[in-house]
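Trainee: Here is the input, now give the coordinates:
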Amino acid sequence: QVAMNVYELSSAAGLPCEIDPALVVALSSQKSENISPEEEYKIACLLMVFVAVSLPTLASNVMSQYSPAIEGHCNNIHCLAKAINQIAAALFTIHKGSIEDRLKEFLAV
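Mentor: Purely as a prediction, here's the structure:
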């Protein structure tokens, strides 16, 4: 909780943060009361597995190829790495898991 307060203060001051406090708050508010914390942690891990398994399919999509005409990718796949890091950091901050260990597992999948 103390770390989250520091991140919130840093974010409010305009400093970059490793963990997006607004995303953590948004995900925390989505918690269901009838699901145990262990089950929510498993769901968070399964979400990361789903993303890891889906990456090859997404990467092989024609829309994922770099387009010199628009100087980017048509489906914004270049933003995916940042999104994965931010979501993993927020999810495992909420569930008190080791972010580094979970991302190593993500890379192993």
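Trainee: got a list of what the residue lying closest to residue 20 once chain neighbours are set aside touches?
Mentor: In space, and not counting its chain neighbours, residue 20 is closest to residue 86: 5.5 Å by C-beta to C-beta, 6 or more residues apart in numbering. For glycine as for every other residue, the C-beta is placed from the backbone atoms N, C-alpha and C. With contact set as C-beta atoms under 8 Å, 6 or more residues apart in numbering, residue 86 has these partners: 19, 20, 23.
Trainee: And the pLDDT at residue 86?
Mentor: pLDDT for residue 86: 89.
Trainee: State the helix or strand in which it lies.
Mentor: For residue 86, the host element (DSSP states H and E) is helix 80-94.
Trainee: and that helix, how far out from the chain's middle?
Mentor: Helix 80-94 has its C-alpha centroid displaced from the chain centroid by 2 Å (C-alpha atoms, centre = their mean, to the nearest Å).
Trainee: so the very next helix or strand once past that helix versus helix 80-94, what angle?
Mentor: Using DSSP H and E, the next helix or strand after helix 80-94 towards the C-terminus is helix 99-108. Per axes from the mean of the first three to the mean of the last three C-alpha atoms, to 10 degrees, the angle that helix 99-108 makes with helix 80-94 is 140 degrees.
Trainee: Looking at the contacts of residue 86, spot the one nearest residue 90.
Mentor: For the contacts of residue 86, the minimum distance to residue 90 (C-beta to C-beta) is 4.3 Å, reached by residue 23.
Trainee: The helix ranked longest in the chain: what's the following helix or strand?
Mentor: Taking DSSP state H as the criterion, the chain has its longest helix at helix 37-59. Note on helix 37-59: by DSSP H and E, the next helix or strand toward the C-terminus is strand 66-67.
Trainee: The following helix or strand past that next one - what's its average pLDDT?
Mentor: With elements assigned by DSSP H and E, the helix or strand that comes after strand 66-67 is strand 72-73. Here strand 72-73 scores 88 as its mean pLDDT.
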